[in-house]
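Visitor: build the 3D model from these lines:
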Amino acid sequence: MPEPYSLERHVAGGETFVTRGPYVVSRFDSDDIGMRNLAVVALTDAGHSGLEVAACFGITPVYVSMLRGRARLEGSAGLVRPRGRRPKLSPAQVATARRWSGEGVSNVEIATRLNVHARTVGRALEGGEAAGEQGSLDDGDGGPGDAPEPSSAPVPGQAPAPAGEGDPTAPAEAEPAAVATGQRSSRYAGAMLLHPFLEALGAAEVFSAAGAGLAGRYDDVGVLGAATFGFALGANTIEGTKHLARPDAGAVVGLAAMPELRTLRPRLGAVADRVDPLALQRAFATALVAAQQKDDQQVFFVDDHFVAYSGGRPLAKGWNTKRRHAQRGRDDTFVVDLAGRAVCFSSGEPSGLSVSIHGVVAELRAVCGPAARLLLGFDRGGSYPVTFAKLRDAGADWVTYRRGALVEPTAAARWSWFALDGRRHSYRIADETVDLEGYGPARQISVYEGGEVVFQVLASDTGATAARMVHLLRCRWRIENAFKYLTEHNGIDALCDYTMTVGPDTAKVANPARTAATATLRSAEAALAGAEGALGRALAGPSTAEDYLATVRRLRDEVAMAKDDVAEAKAGLKGVRAKLPANEVDPTAARATPRAQRRSLQMVLRLLAYNAEHDLARRLNAYLGDPDEYRALTRNLLHQGGRIDFGADAVTVTIDRPNQPRVARALALLADELNATKAHLLGDPRPITYRVEVE
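Guide: Below you'll find the predicted structure:
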C-alpha cells in the first residue's frame, strides 16, 4: 500500500499554500490570521488530527484546541475577530471609565466599550496603577501572528454610535438588569413558588444589609438571589449555573438574564470578602427559628459531615466514615431542627463531634436566645462524659445513645407512649438513673424489643416522658436525610474555592525522641523480666554446689545490670514531651487552610435554597398526601415551565399544568394558599399572584 499523504505548508509571494500530496487544500494571504484560523478548524473537521495540523502550521496543539472550541461557541466570526494584546487606557479613558462606573455600569460592560480587559478596568477604578500602565495585561490567547487591531464590530447589547461619532468612549445605554414590564416565558416558572419562604425570612433585607455595596449592572440582592436560585435549580456549584438557560433563570428573580459566570463568581467573592457570613447565617437562622411554633423545649439534631479532599494541598486528615480510613478533608457540623430544616453549620479541620459541638451550642444560643431551653440529640460520636459536662455548663439538655457495651437494667420494664405529628409512638422501656464516671447522675432508658434490650438511651432531661426521649433520638435520622439531600442536590461537598493559605503545620504529632526512649524502656524491661525468670529457674533447679553458686552469682549480676538499664531508661523519659508540633519534628511540614469566607457565604446560600425547597415540599404534600414521592415531585415542579407577566403594579406567574391530575390539583390548592399572603420578588415591591394554566 502507498504511504498516506501528509499535510505540508508552503509560503510563496506573500501567500500560504497547504497541500496534501498533489492537492492544494487551502490558500490564504500569509498575514491573514483569520483565514489561517479557518483553515486550521476546517482541516481538523476533515479528519486530520490536532497534532498533525499544529505541526503543519507551526502552532501548539493547545491553540488548535482553543480555535476549535471558539468555533463551536461563536462560529466563524470567533475565528476572524481581532486578537492579541488590547490597547492601554489613556488618562481620558480612565476618567470616562470612572464616570460610567458611577452611573452603575459594570466593569465588564466598561471593558467592552473601551476594548480592554475587565481586570484592567478594575485596576484603573481602584487607582492602583498609573493611567498609562492600565493595559499591561495580555488578554490574547497566545496565537502566533495575532496582532492588535481596533474593533469596529457592534457589541451585542450596546447601542451603536450615532453617525459621525467615532469616539469609542462615547457612553452607551447599558441594558437594564431588572425587568420593568412585559411578559417572559421561563422553563423554571415553578421556582417562583420559593419566593414566599424567602419573604418570610426577610431575604431581601438580609441580602441588602450583607451586600458589599459594589456598583454594577446587578445589585447585591440580584447577585445573591441569583446564586440561591441557581442552587435551588440543581446547580451544585457556581460554575454549574452556566448550564441554566440564562433568560429563563433570570426571569425567576426579576432579571433580564441570570448573571454570567464571569460576573457571578467575582461578585460573590467580593461580597464574601467584605461581610461576615456568620452574621448572615445567624440572621437567617434567627428568622427560621422565630417562624417556627415555639415549644417549651426546642429540639435540634447535631452531627458531623466529613468532606474528603483529593487535591494536592496538604489539608488536615480526618476519619472518612464512608470509606473507613483516614483521609484529607474538612469537617462540617450541621444543626437540623425537628422539622428537618437546616438551621446553621460550622466548618473547620477534622476534630470529632465531641469537640465541635460546643461551638454549635454557642451559635444556637445566639440564635434562640440565652433563656431558651435547648435539647440536642446526637449519635455515639459525641457520647462522652466530658461532652455531657460541657453541655450541662452551657445550660443545654442532651440525649444520645450509650457508647460501648449495654449494661443490665435494674428497673422493671413498662410501656410508655408519646404523640408526635398526630401519631402515637409506644415503646417498652426500663427507666432508671445511673452514675456516669466523669459526669455524675444521668438518665438511662433501656428499650426492649422481643423481650431483650436492643439499645440504651442516655439523657439529661429527667422530667420528660421516656418514650418522648427515645422517639426524639430516633428522629435523629432527619439530619442524615438532610445530609443525603444536601449532598445530592445542593452540592455541600463541592470545593467552593481553590485558593488556600499554606503555613507551618503546628498540629501535635508523636515525638520521635519519646518513641525511641519508650522503645528502649520496653526493651530494658523485657531484658529484666528474662533475667529474673532465668534466676528463678536456676534457684529452683537441682545443681552441684559449685555450679549452683557460680550460676546464681552470674544471674544475679545480670538482674542487677538489667535493673540499672531500666532505671536509666525511665530517667531518659523524664522531660521528653510525648507530642510536638509537626513543624518542629519536620521543618518542611505544612498545612493548607481554605479561605473560609467565600465557602461560608456559598454554604449559607445552599442552606437557604434547601430550606426554601423543604418548606415548599411540606406545603405541597399537605394537599398531595404522598410521603414517598413528594420531594421528587417538588424538585420537578421547580423546573415546570410557564410565563411570568411583569406588570406595573403586580407580577403574575402562570405555571403550566402538570400532566398528573393529582399534582395539578395539589398545585392549584397551593397557589390559592400562597395568594392569600402576597409574596414579592427580592427587592421588588410588586406582589406575586400564582395561577395554574387551565386545560
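Visitor: distance of the residue nearest in space to the middle of the chain relative to Ala609?
Guide: The centre of the chain sits closest to Ile492, judged by CA atoms, centre = their mean, with a distance of 4.0 Å. As defined by CB to CB, to the nearest Å, Ile492 lies at a distance of 11 Å from Ala609. Where C-beta positions appear, they are placed from N, C-alpha and C, glycine not excepted.
Visitor: and what of Arg595?
Guide: From Arg595 to Ala609 the distance is 22 Å (CB to CB).
Visitor: again with Thr462
Guide: In terms of CB to CB, Thr462 sits 40 Å off from Ala609.
Visitor: out of the two, which sits in the busier spot?
Guide: More crowded of Thr462 and Ala609, by other CB atoms under 10 Å: Ala609, with 26 against 12.
Visitor: so that one sits against Ala232, correct?
Guide: Yes - taking contacts as CB atoms under 8 Å, Ala609 lies within contact range of Ala232: 3.9 Å.
Visitor: anything in contact with each of those two?
Guide: Common contacts of Ala609 and Ala232, defined by CB atoms under 8 Å, 6 or more residues apart in numbering, comprise Leu194.
Visitor: can you give me the neighbour number for Ser6?
Guide: 12.
Visitor: report pLDDT for it.
Guide: The model reports Ser6 with a pLDDT of 84.
Visitor: likewise Gly381?
Guide: pLDDT, Gly381: 87.
Visitor: that one touches Leu353, doesn't it?
Guide: Yes - using CB under 8 Å, Gly381 makes contact with Leu353 at a distance of 4.1 Å.
Visitor: mutual contacts of the two, please.
Guide: Asp303, Asp304.
Visitor: next one: the host helix or strand of Arg70 to chain centre, how far?
Guide: Assigned by DSSP states H and E, Arg70 belongs to helix 61-74. Relative to its chain's centre, helix 61-74 lies at 31 Å (CA atoms, centre = their mean, to the nearest Å).
Visitor: which elements pack onto it?
Guide: helix 33-45, helix 50-57, helix 77-80 (3 or more CB pairs under 8 Å, 6 or more residues apart in numbering; DSSP states H and E).
Visitor: restrict the shortest one to CA atoms and write it as CSV.
Guide: Listed in CSV are the C-alpha atoms of helix 77-80, where the atom choice follows Å, rounded to 0.1, in the frame of the first residue of the first chain:
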residue,chain,number,x,y,z
ALA,A,77,-16.9,35.0,13.5
GLY,A,78,-15.0,34.0,16.5
LEU,A,79,-12.0,32.9,14.3
VAL,A,80,-11.6,36.1,12.4
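Visitor: report the buried residues of that helix.
Guide: By neighbour count with 16 or more other CB atoms under 10 Å, helix 77-80 contains the buried residues Gly78, Leu79.
Visitor: quick one: average pLDDT of that helix?
Guide: Averaged over helix 77-80, pLDDT sits at 80.
Visitor: stretch 16-32 now?
Guide: 88.
Visitor: and the contacts of that stretch?
Guide: So stretch 16-32 is contacted by 5-11, 14-15, 35-36, 39, 42-43, 46, 56, 145 (CB under 8 Å, 6+ apart).
Visitor: same question, stretch 440-451
Guide: Contacts for stretch 440-451 (CB under 8 Å, 6+ apart): 388, 402, 406-407, 409, 411, 413, 427-436, 453-462, 466, 469-470.
Visitor: show me the residues you listed that map onto helices.
Guide: Phe388, Ala466, Met469, Val470 (DSSP state H).
Visitor: hmm, back to that, comparing the helices and strands packed on helix 61-74, which comes out most buried?
Guide: helix 33-45 (a mean of 20; mean count of other CB atoms under 10 Å).
Visitor: dump the C-alpha coordinates for it into PDB.
Guide: Extracted C-alpha coordinates of helix 33-45, given in PDB (Å, rounded to 0.1, in the frame of the first residue of the first chain):
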ATOM      1  CA  ILE A  33      -4.700  35.400  10.700                       C
ATOM      2  CA  GLY A  34      -8.500  34.900  10.400                       C
ATOM      3  CA  MET A  35      -8.200  32.800   7.200                       C
ATOM      4  CA  ARG A  36      -5.400  30.800   8.800                       C
ATOM      5  CA  ASN A  37      -7.700  30.000  11.800                       C
ATOM      6  CA  LEU A  38     -10.500  29.000   9.500                       C
ATOM      7  CA  ALA A  39      -8.100  26.600   7.600                       C
ATOM      8  CA  VAL A  40      -6.900  25.100  10.900                       C
ATOM      9  CA  VAL A  41     -10.500  24.300  12.000                       C
ATOM     10  CA  ALA A  42     -11.500  23.100   8.600                       C
ATOM     11  CA  LEU A  43      -8.600  20.600   8.400                       C
ATOM     12  CA  THR A  44      -9.400  19.200  11.800                       C
ATOM     13  CA  ASP A  45     -13.100  18.900  10.800                       C
END
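Visitor: now the angle from that helix to helix 50-57?
Guide: 140 degrees (axes from the mean of the first three to the mean of the last three CA atoms, to 10 degrees).
Visitor: can you give me the strands in the stretch 51-200 of the chain?
Guide: Assignment of strands within the stretch 51-200 of the chain using DSSP state E, counting those that start in this stretch yields the ranges 182-186.
Visitor: and Ala362, what is it in contact with?
Guide: Contacts of Ala362 (CB under 8 Å, 6+ apart): Ala394.
Visitor: swap in the one 5 residues further on?
Guide: For Val367, the contacting residues are Arg282, Ala285, Thr286, Val289, Val343, Cys344, taking CB under 8 Å, 6+ apart as the criterion.
Visitor: those in helices, which ones?
Guide: Arg282, Ala285, Thr286, Val289.
Visitor: pretty sure the second one is touching Phe345, no?
Guide: No - in terms of CB under 8 Å, Ala285 does not count as a neighbour of Phe345; the distance is 9.7 Å.
Visitor: ok, the two, which is more surrounded?
Guide: Ala285 (26 against 22).
Visitor: what's the pLDDT at the more buried one?
Guide: Confidence score, pLDDT, at Ala285: 89.
Visitor: any idea how far Gln444 is from Arg380?
Guide: On the measure of CB to CB, Arg380 and Gln444 end up 15 Å apart.
Visitor: again with Leu79
Guide: 76 Å.
Visitor: coming back round to it: turn the helices and strands packed on helix 61-74 into TSV, columns for distance to Asp626.
Guide: Listed next are those as TSV, based on distance: least, CB to CB, whole Å:
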stretch	distance to Asp626
helix 33-45	51
helix 50-57	52
helix 77-80	49
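Visitor: for Arg591, find the nearest of those.
Guide: helix 50-57 (40.8 Å; CB to CB).
Visitor: which other helices and strands contact the closest one?
Guide: strand 7-12, helix 33-45, helix 61-74.
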